[in-house]
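Visitor: okay, here's the prediction I keep looking at, along with the sequence it came from:
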Amino acid sequence: RISFHCSGMADKAFVFGQEHDFAAAMQAFKKVLRAAKKVVIMTGAGISAESGIPTFRGTGELWRRHTAEDIANTGAWQRNPSLVWEFYHYQREVVRKAQPNDAHRAVAALQKTKAKAGQRVVVMTQNIDRLHEASGATGVIELHGSLWLVKHVDHDGFVEDGKNVCENRDEPICPALKGRGTPDMEDGERIHVDK
């Protein structure tokens with residue numbers, strides 16, 4: 001499903017997949033897109049699902065017996081940092097093998113085409129995989145961060161201050177995670193997590 005809204009144009013909102021005449025809706029979309037000087041593209045898990053990255057949001061999409069919402073939060077980290085590390089370690093392994101798909105490449109191509117015409121395309125994503133960047137998109141706003149950005153935490157808790165953040169693509173990110181994190185394992189012995 002694709003939706004778009006045209007700011008400043010009354011009643012110009014379309015949701016593809018709900019239109020009776022898809023061809024007419026696509027033509028209207030193309031016309032508006034060609035005329036647009038500023039475009040914002042917002043993507044979510046669906047765009048990367050085509051690259052083989054599980055969404056962890058649909059029916060039955062669990063990691064072990066946990067939902068992403070159960071693990072990806074500070075409460076889970078406080079209760080069981082080992083489990084959280086294993087979950088993200090698994091995600092990093094899956095994402096490492098993934099490649100941008102046609103949708104990622106189309107977004108990057110649109111951004112480049114519009115830039116040549118002096119127009120702007122801002123790409124915002126909820127995804128943490130950096131596949132937009134791998135496809136050539138620039139200035140991507142990562143609403144939920146990236147699997148590859150890590151921060152050294154030398155105190156209890158986590159404060160995002162933009163300091164001590166670096167990209168780390170080591171696999172595994174630490175030796176204790178080697179061989180851990182597969183979705184078919186049971187939650188077992190906790191790995192040692194230094195503060």
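Guide: Received, thanks. These figures come from a predicted structure and were not determined experimentally.

Visitor: the chain: strands as residue ranges?
Guide: For the chain, applying DSSP state E gives strands covering 3-5, 13-15, 38-43, 120-125, 141-142, 149-151, 165-167.

Visitor: for this protein, longest helix please?
Guide: Ordering each helix of the chain by length in residues (DSSP state H) puts helix 81-97 first.

Visitor: show me what that one packs onto, helices and strands only.
Guide: Under the contact definition 3 or more Cβ pairs under 8 Å, 6 or more residues apart in numbering; DSSP states H and E, helix 81-97 sits against helix 68-71, helix 74-79. To be clear about C-beta, it is placed using only N, CA and C from the backbone, and glycine gets the same treatment.

Visitor: return the distance of the longest one from the chain's centre.
Guide: Meaning helix 74-79. Offset of helix 74-79 from its chain centre (Cα atoms, centre = their mean, to the nearest Å): 21 Å.

Visitor: buried residues in that helix?
Guide: Using 16 or more other Cβ atoms under 10 Å as the test for burial, helix 74-79 gives 76-77.

Visitor: show me what that helix is packed against.
Guide: For helix 74-79, the packing partners by 3+ Cβ pairs under 8 Å, 6+ apart come out as helix 81-97.

Visitor: list the buried residues in the helix it packs on.
Guide: By neighbour count on 16+ other Cβ under 10 Å, the buried set for helix 81-97 is 81-92, 94-95.

Visitor: quick one on the thing from earlier: of the strands of the chain, flag the one that's most buried.
Guide: Most buried of the strands of the chain, by mean neighbour count (mean count of other Cβ atoms under 10 Å): strand 120-125, with a mean of 19.
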